[in-house]
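**Q** fold the following.
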Amino acid sequence: MRDITELMNTYRECSRNLWNLYFSRQSDTGAALDAFREIRNLLFDSIVVSELFYEGEPDSESIPPPVLKVVPDPSSAILVAQPTEPGQATYWDREKDMVVGPNDVQLQFLDYFDFRQTGIVDFRFYRCKILRFPSRPDYEGREALIEALGGKVFHDEDAG
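**A** As a prediction, this is how the structure comes out:
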């Protein structure tokens, strides 16, 4: 696996600056969010995916989406999405004194996350899917948040 934390930090910084300096000031917030979502996909492909190594032909449909793993630093706080009723907002919870380390949980990167959707955002967290959590198997399959400064992102070049 290849450490791509710096690539991800570049993408994070570019995304948040673009939003904070330009899109957050637009009067039609819904349209700004829609356009920004599309631009972030292009930024991710241009800044991150274009730098990853794959087998296969470039621009081929045979190249799968990247498998990105988030590895938390020792003693990282983790927030886990709690079940809610359909149509309700996601509820993030942290059990008292629950921290994880690199060998405690397997996380797949989904996106960056900020509790604020408008105004100034920081994308402070990695939003992940919990693949394995041996001490809490009931959490497997749920989403989780880990502070972006509290972990690293690796590209699993052999997955796919």
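**Q** roughly how far apart are residue 87 and residue 141?
**A** Separation of residue 87 from residue 141 (C-beta to C-beta, to the nearest Å): 20 Å. To be clear about C-beta, it is placed using only N, CA and C from the backbone, and glycine gets the same treatment.
**Q** which one's more surrounded, the two?
**A** Set side by side, residue 87 and residue 141 show more neighbours around residue 141, with 11 against 5, by other C-beta atoms under 10 Å.
**Q** these two touch, right, that one and residue 129?
**A** Yes: counting by C-beta atoms under 8 Å, residue 141 touches residue 129, with 7.2 Å between them.
**Q** below-threshold pLDDT in the protein: ranges please.
**A** 54-65, 88, 159-160 (pLDDT under 70).
**Q** that one: helices as residue ranges?
**A** For the chain, helices defined by DSSP state H occupy the ranges 5-21, 29-47.
**Q** out of the ones you listed, which gets nearest to residue 148?
**A** helix 5-21 (6.6 Å; C-beta to C-beta).
**Q** most packed of the helices of the chain?
**A** helix 5-21 (a mean of 16; mean count of other C-beta atoms under 10 Å).
**Q** show me what that helix is packed against.
**A** Packing contacts for helix 5-21, counted by 3 or more C-beta pairs under 8 Å, 6 or more residues apart in numbering; DSSP states H and E, involve helix 29-47, strand 106-113, strand 151-155.
**Q** dump the ones you listed into TSV; add distance to residue 23 as well.
**A** Formatted as TSV, those follow (distance: least, C-beta to C-beta, whole Å):
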stretch	distance to residue 23
helix 29-47	5
strand 106-113	15
strand 151-155	24
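**Q** now residue 136: phi and psi?
**A** phi -140, psi 70 (degrees, to the nearest 10).
**Q** tell me how far the nearest residue to residue 10 once chain neighbours are set aside lies from residue 9.
**A** Nearest residue to residue 10, sequence neighbours excluded (C-beta to C-beta, 6 or more residues apart in numbering): residue 47, at 5.7 Å. According to C-beta to C-beta, residue 47 and residue 9 sit 10 Å apart.
**Q** so what's the residue nearest the centre of the chain up against?
**A** The C-alpha lying nearest the average C-alpha coordinate of the chain belongs to residue 111 (C-alpha atoms, centre = their mean; 2.6 Å). Residues counted as contacts of residue 111 (C-beta atoms under 8 Å, 6 or more residues apart in numbering) are residue 127.
**Q** cool, thanks, signing off.
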